[in-house]
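[1] Sequence and predicted model, in that order:
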Number of protein chains: 2
Amino acid sequence: MEQRISLITLGVRDMEAQAAFFDAMGWQRVKTEDGVIAYDLPGQTLCLYPAADLARDIGVEAGAPGGFSGITLGYNVRDKSEVAAVLARVEPAGGRVLKPAGDVFWGGHHGYFADPEGHVWEVAHNPFSPLGRDGAFQWNGAS
Amino acid sequence: MEQRISLITLGVRDMEAQAAFFDAMGWQRVKTEDGVIAYDLPGQTLCLYPAADLARDIGVEAGAPGGFSGITLGYNVRDKSEVAAVLARVEPAGGRVLKPAGDVFWGGHHGYFADPEGHVWEVAHNPFSPLGRDGAFQWNGAS
């Protein structure tokens, strides 16, 4: 597993209110499909996604005390087969696979794991967002 | 506010168990002082810090349901005066200052704010970790 984080996802209740805050702080949104709001950062993207949908996608309770924090950290890979390969290392390493590798409705392939403290990580292959040679991620593909 | 995230901090209960997981996944720790464990990522650092200390530092409850998620996102600035300048934009933008700009025991200067969804952000000037020309952050200073 290379030493980088591709996506930081904030599960939010009010997408436009949250995005309005970043807009007001001077950040520029990147063009995305409906239902997600994203900000390209150097080598990574910060994503806003509805908290309930995010929890449902992972298969966890949205608001349970001591449960999911509402934040995931994303690790994107170059090839679809790498998703399962990374997830295979999780449980031996002391984590827990929450969702095994599988195709996703948007055309990608992903899975989720919880690290030992319960922070939720997504491992994903997104054919529409090829990584840069150095592993950099940008919403519409890195060069 | 430039469009980047310098630090991702995970508030954890068992530092060594959490770090052992990242070690086992193949990540290399960077040399740090005691009490913090860090992994340099491209242009940013992932930090492990005791959850109770992190909550105390921010001034929030560690485990309150619906409260602090245990994750902060860090935004580091080039000059001490920028900390207050960034925090001054927070409340007009719809966020809430949790801790005003002030000197920190480790020699830096920082403050905290909550974004509209309650995600906790730290704004910090760390004289020991100068930013790169492009804003890149590394634990021991970026070039």
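    Alright, I've got the coordinates. Not measured: the values here are computed from a predicted model.
[2] Could you list every helix and strand in contact with the worst-scoring helix or strand of chain A on mean pLDDT?
    Counting by mean pLDDT, DSSP states H and E, the weakest-scoring helix or strand in chain A turns out to be helix A:51-58, with a mean of 78. In terms of contacts (3 or more Cβ pairs under 8 Å, 6 or more residues apart in numbering or on different chains; DSSP states H and E), helix A:51-58 is packed against strand A:7-12. From N, CA and C alone the C-beta is placed, and that goes for glycine too.
[3] Which helix or strand lies directly C-terminal to the strand it packs on?
    helix A:15-25 (DSSP states H and E).
[4] what's the angle from that next one to helix A:51-58?
    Angle of helix A:15-25 versus helix A:51-58, following axes from the mean of the first three to the mean of the last three Cα atoms, to 10 degrees, is 110 degrees.
[5] average pLDDT for helix A:15-25?
    Helix A:15-25 shows an average pLDDT of 85 in the prediction.
[6] which other residues reach that helix?
    Here helix A:15-25 makes contact (Cβ atoms under 8 Å, 6 or more residues apart in numbering or on different chains) with A:10, A:12, A:29, A:37, A:39, A:48-50, B:1, B:89-90, B:92-95, B:115-117.
[7] before we move on, back to that, any buried residues in the least confident helix or strand of chain A, and which?
    In terms of neighbour count (16 or more other Cβ atoms under 10 Å in any protein chain shown), helix A:51-58 has its buried residues at A:Ala51, A:Leu54, A:Ala55, A:Asp57, A:Ile58.
[8] What pairs with the helix or strand just after it, parallel or antiparallel?
    Using DSSP H and E, the helix or strand that directly follows helix A:51-58 along the chain is strand A:71-76. Its sheet considered, strand A:71-76 pairs with strand A:7-12 (antiparallel), strand A:120-125 (parallel) by DSSP bridges.
[9] Distance from strand A:71-76 to the middle of the chain?
    Offset of strand A:71-76 from its chain centre (Cα atoms, centre = their mean, to the nearest Å): 4 Å.
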